[in-house]
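[1] One predicted model, sequence on top.
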Amino acid sequence: MYTRQLLPDETALIPDPLKKTFDEYREAGYEIYLVGGGVRNLILGKVPENCDLTTNATPEQSLEVLKMHSPFCNNDFGTVSFNVMVKGIEELYEVTTYRSEKEYSDYRRPDNVSWGKTLDEDVTRRDFTINAIVIGIKNKRFELIDMVDGLMDFENGLIRAVGDPRIRFNEDALRMMRAIRFAAKLGFSIEEKTLIAMGEKAELLEKISKERVREEFLRILGSNYPADGVRLLVSTGLMDHFIPEVLEGRGVIQGGHHQLTVLDHMMEALQECPSTDPIVRFATFAHDIGKPRSQRFKCRKCAKMYRDLAEETTTCVNCGYTQPTKGMVTFYGHEVIGARMVKEITERLKFNRKQIEKIEILVRWHMFAYQPEMTDAAIRRLIRKVGKENINDMVMLRIADRKGSGAKTTSWRFLELQKRIGEQLFEPMEINDMVVNGRDVMEVLGVSPGPIIGKVLKELFDEVLEDTGKNDREYLLKRIVEMGN
């Protein structure tokens, strides 16, 4: 066991509400220790946030100790929660009683939880060594305590399971994704035995609820190194058990400027995505997911289409022309197929409706083409298809797609498109943007509410979308009169 007193600069990072919590428990005669992310923050020179603590006090005793904070017990595992204000920001602190756990029949939650009496019991049932380092108080000084060589693993950049990794993953199969999340967040590697055990136990992930898997996946996508996280999900076999469709792109060659297979390109695009939004990153990663199912080979001389080709060169049975197979590949309509696929995937993983629609839209329209001769009306129609609220995210996806293909971040054509989009963003895009409305239609035509109102407004808007100069009240009222004649 390794122990050391915190350095003065480390102690200075501990917020006053956390110091007060330590004092309250110690004055009541109980042990208490900071664990998990708060300890990691201190090691990294950051202020602990939304702290997790562990104590030998029972939940009932913790509720009494914390009664001035309006605490509440929010689960069956002895966790007492309360809110604190840290420099004007509300944070949630959670205190859990030492515990030991037995039997995990659902591979997620213990069947039996008993309160532990010692810190050692609590530490040895935790997931990873870097999460099993604790900070407490001894002789009125804050002290770091490491019983499982977590500090050494932290310094070496390793994610290692506490004890036997197979046992840890049998207890909670979601820990395998958590290992990848920590690695992707911190830029760490996963220790060899832990990594091997993840491959052996990957199928247990199917025992976990889709909602929990989704949340861990989004945390991986929102991490500092999302592409590395996805590569680990693929290499360990975990991806097979929640988004197997991704693996269809493995080894699928691409033509044109692409040098990578479909799957490798998807991961490179994710790595290059300038957005930090995990939903946008998901769409970026999945943007070409429909390519394997749309893959066809086309003879450049006679345009005959082939479904499957395996040789490096192919001689067309129709015209006898021989050419490299890679040069024949096409993926017509892959964005349409991909949009359907991501809708099925996100519904299966129980994303919310807004997230599903956004991902589907980004994948469906990521292939939009731009030509300088496009009219302003065509640019506005593009914006309408994608949605004003999504257009910037679509640009982020296209940048990632370009860089993930080995191209430059931008081009004169792409820059011109962005400029033109910016010019049109504040032009009328929806029926509600017109200077007339349904009430005007009813007054001019002398009709009651009914389908005719929507029909007239749609015809008016089609004109305005083509020529925004027609969004003039006098002109549109005149057009309503003409439509009524």
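    Good, I have the coordinates. Numbers count the residues shown, from 1 in each chain.
[2] which stretches of this protein have low pLDDT?
    74-76, 101-113, 255-258, 309-310, 325-328 (pLDDT under 70).
[3] Could you list the domains of it?
    Following automatic domain parsing, one finds the domains of the chain at 2-154, 164-242, 247-293+332-424, 296-330, 431-484.
[4] can you confirm Leu53 is in a helix?
    No. Applying DSSP: H, G, I helix; E, B strand; the rest coil, one finds Leu53 to be strand, outside a helix.
[5] That one pairs with what?
    Leu34, Val95 (DSSP bridges).
[6] can you tell me which residues contact it?
    Contact analysis of Leu53 by C-beta atoms under 8 Å, 6 or more residues apart in numbering lists Thr21, Ile32, Tyr33, Leu34, Val35, Tyr93, Glu94, Val95, Thr96. Bear in mind the C-beta positions are built from the backbone N, C-alpha and C, glycine included.
[7] Output the helix or strand Leu63 falls within as PDB, nothing but the C-alphas.
    Using DSSP states H and E, Leu63 sits in helix 59-65. Once non-C-alpha atoms are left out, helix 59-65 reads as follows in PDB (Å, rounded to 0.1, in the frame of the first residue of the first chain):
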ATOM      1  CA  PRO A  59     -27.000   5.400   4.600                       C
ATOM      2  CA  GLU A  60     -29.100   6.200   7.600                       C
ATOM      3  CA  GLN A  61     -26.200   7.600   9.500                       C
ATOM      4  CA  SER A  62     -25.100   9.600   6.400                       C
ATOM      5  CA  LEU A  63     -28.600  11.100   6.200                       C
ATOM      6  CA  GLU A  64     -28.200  12.300   9.800                       C
ATOM      7  CA  VAL A  65     -24.700  13.700   9.200                       C
END
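[8] List of residues touching the following helix or strand past that helix?
    Later in the chain than helix 59-65, the nearest helix or strand by DSSP H and E is strand 72-73. The contact list for strand 72-73 (C-beta under 8 Å, 6+ apart) reads Pro59, Leu63, Thr79, Val80, Ser81, Phe82.
[9] go on, stretch 23-37?
    With C-beta under 8 Å, 6+ apart as the test, stretch 23-37 has contacts from 18, 21-22, 42, 48-57, 61, 64-66, 95, 119, 126, 131-137, 145.
[10] cool, stretch 225-240 as well?
    Residues contacting stretch 225-240 (C-beta under 8 Å, 6+ apart): 176-177, 180-181, 183-185, 187, 190, 195, 198-199, 202-203, 205, 217, 220-221, 223, 246-247, 250, 263, 267-268, 270-271, 273, 278, 281, 285.
[11] now swap in stretch 409-417 and tell me
    Here stretch 409-417 has contacts from Tyr370, Pro372, Ile379, Arg398, Ile399, Arg402, Lys403, using C-beta under 8 Å, 6+ apart.
[12] Now the buried members of the contacts of stretch 225-240.
    Buried residues within these, counting neighbours by 16 or more other C-beta atoms under 10 Å: 176-177, 180-181, 183-185, 190, 195, 198, 202, 205, 217, 220-221, 223, 246, 263, 267-268, 270-271, 273, 278, 281, 285.
[13] For the stretch 101-250 of the chain, which segments count as helices?
    119-123, 150-156, 165-171, 175-186, 192-201, 210-221, 226-235 (DSSP state H, counting those that start in this stretch).
[14] Point out the most buried one among these.
    Per residue and on average, the most neighbours among the helices of the stretch 101-250 of the chain fall to helix 175-186, with a mean of 23 (mean count of other C-beta atoms under 10 Å).
[15] Ala377: how many residues sit nearby?
    Counted with other C-beta atoms under 10 Å, residues neighbouring Ala377 total 16.
[16] Repeat that for Asp467.
    Using other C-beta under 10 Å, Asp467 has 11 neighbouring residues.
[17] do you know how far it is from Gly438?
    22 Å (C-beta to C-beta, to the nearest Å).
[18] what does Val464 give?
    Counting by C-beta to C-beta - Val464 and Gly438 are separated by 15 Å.
[19] neighbour count winner among those two?
    Counted by other C-beta under 10 Å, Val464 and Gly438 do not tie: Val464 has more neighbours, with 25 against 14.
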